[in-house]
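Asks: Just a sequence and a predicted model for now, questions to come.
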Amino acid sequence: MHLPVAGLVLLLLIALFSSSAGSAPPTERSDWKQHFDEASANGTIFVIDERSSSRGTFVYNPTRAKARYSPASTFKIPHTLFALQQGAVRDEFHVFQWDGVQRTFSGHNQDQDLRSAMRYSALWVYQRFAKQIGESQARSYLRSIEYGNADPTSATGDYWVDGSLMISAQEQVAFLQKLYRNQLPFAVQHQRLVKDLMIIEAEYDWILRAKTGWEGRYGWWVGWVEWPEGPVFFALNIDTPKRTEDLAKRQVITKAVLRSIQALPSDPDTVTLR
């Protein structure tokens, strides 16, 4: 059965429109500088708004948005997919026994499952995953999802924090768009599970899914807000010269930016899940 020419044209226009937000040159938002200034922070934020009424690609500090940095704990998003694919973890109920080593953050000093390991950013769980997956397989997974420079090597430390793996804010968003649509080369049920683990806040008509990351010198907050009209993706990267004192700025700046484009309510009555 052949579609009439008009039908084919309509389908092509729909496909073109659907991808336009991600392919159009980003609009520079110099006005977003105020949110960084108010927090006394230097950095960038890259946003793709796919809502039907406000489609667009936006950026503050476009040069930095293209620069690659260590993903730090934002890498737990793809790393969890790798671990599920490799069989290093069965599901969200799989329990990892604490090794008894006292770590700085108390949330790490207990048994973990996938949900708590993501919530507390339990590094030791993901170090186990990395050992089971191995460098060669990790490289293969990284290349298959086109994640930054896809280089899982490290002379010392963990490759996603202290090693060679690097990714830009723009690339973070491109990866998240694929995850949102279950378009990564992993089982759909695993992609859905990872998205469930990423839920931060929710209201009856929107869900915020995100993950923090901190390398020491700079920090990340990446994710998206789901609305009935469509998702709004974001990736923020800032310098953290005051180290832990600067970490809360990641969410403060990002939420201010998202509220400025009505991607989050101005005075949200939210259900905070972690």
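Replies: Here it is on my side, so go on. Numbering: from 1, shown residues only.

Asks: Tally up the residues packed near Q189, please.
Replies: 11 (other Cβ atoms under 10 Å). Bear in mind the C-beta positions are built from the backbone N, C-alpha and C, glycine included.

Asks: Ok, R103 next?
Replies: 13.

Asks: Excluding chain neighbours, what is closest to it?
Replies: N109 (5.8 Å; Cβ to Cβ, 6 or more residues apart in numbering).

Asks: which residues does that neighbour contact?
Replies: Counting by Cβ atoms under 8 Å, 6 or more residues apart in numbering, N109 touches W98, V101, Q102, R103.

Asks: what's the closest residue to the third one other than its chain neighbours sitting at in phi/psi?
Replies: What that stands for is Q102. Spatial nearest neighbour of Q102, chain neighbours left out: N109 (5.9 Å); criterion: Cβ to Cβ, 6+ apart. The phi/psi pair for N109 (degrees, to the nearest 10) reads phi -90, psi 60.

Asks: can you tell me how far the residue nearest to R103 sits from L176?
Replies: Distance of N109 to L176, computed by Cβ to Cβ, to the nearest Å: 31 Å.

Asks: could you give me the average pLDDT of stretch 165-177?
Replies: For stretch 165-177, mean pLDDT is 98.

Asks: what's the first-to-last distance across stretch 149-164?
Replies: 8 Å (Cα to Cα, to the nearest Å).

Asks: Wasn't T153 part of a strand?
Replies: No - per DSSP: H, G, I helix; E, B strand; the rest coil, T153 lies outside any strand segment and is coil.

Asks: Could you pull up phi and psi at the nearest residue to it once chain neighbours are set aside?
Replies: Spatial nearest neighbour of T153, excluding adjacent residues (Cβ to Cβ, 6+ apart): S164 at 4.7 Å. With angles defined as degrees, to the nearest 10, S164 sits at phi -90, psi -10.

Asks: Ok, R192 next?
Replies: phi -70, psi -40.

Asks: How many neighbouring residues does it have?
Replies: Neighbour count of R192, defined by other Cβ under 10 Å: 12.

Asks: Just give the nearest non-adjacent residue to it, would you?
Replies: Taking Cβ to Cβ, 6+ apart, and ignoring the residues beside it in sequence, R192 has N182 as its nearest neighbour in space, at 7.0 Å.

Asks: for P241, same thing?
Replies: R217 (7.8 Å).

Asks: Burial check on Y159, number of neighbours?
Replies: With other Cβ under 10 Å as criterion, Y159 counts 21.

Asks: Quick check: it is in a strand.
Replies: No - counting by three-state DSSP, Y159 falls outside a strand, being coil.

Asks: List the residues that contact it.
Replies: Going by Cβ under 8 Å, 6+ apart, the list of residues near Y159 reads A130, E135, A138, D151, P152, T153, L165.

Asks: before we move on, what about L193?
Replies: T80, L84, D91, E92, L114.

Asks: Out of those residues, who's the most crowded?
Replies: Top of the contacts of L193 by neighbour count (other Cβ under 10 Å): T80, with 27 neighbours.

Asks: Phi and psi next, for that residue.
Replies: Dihedral angles (degrees, to the nearest 10) for T80: phi -60, psi -40.

Asks: ok, now how distant is it from I133?
Replies: Taking Cβ to Cβ, one finds T80 at 11 Å from I133.
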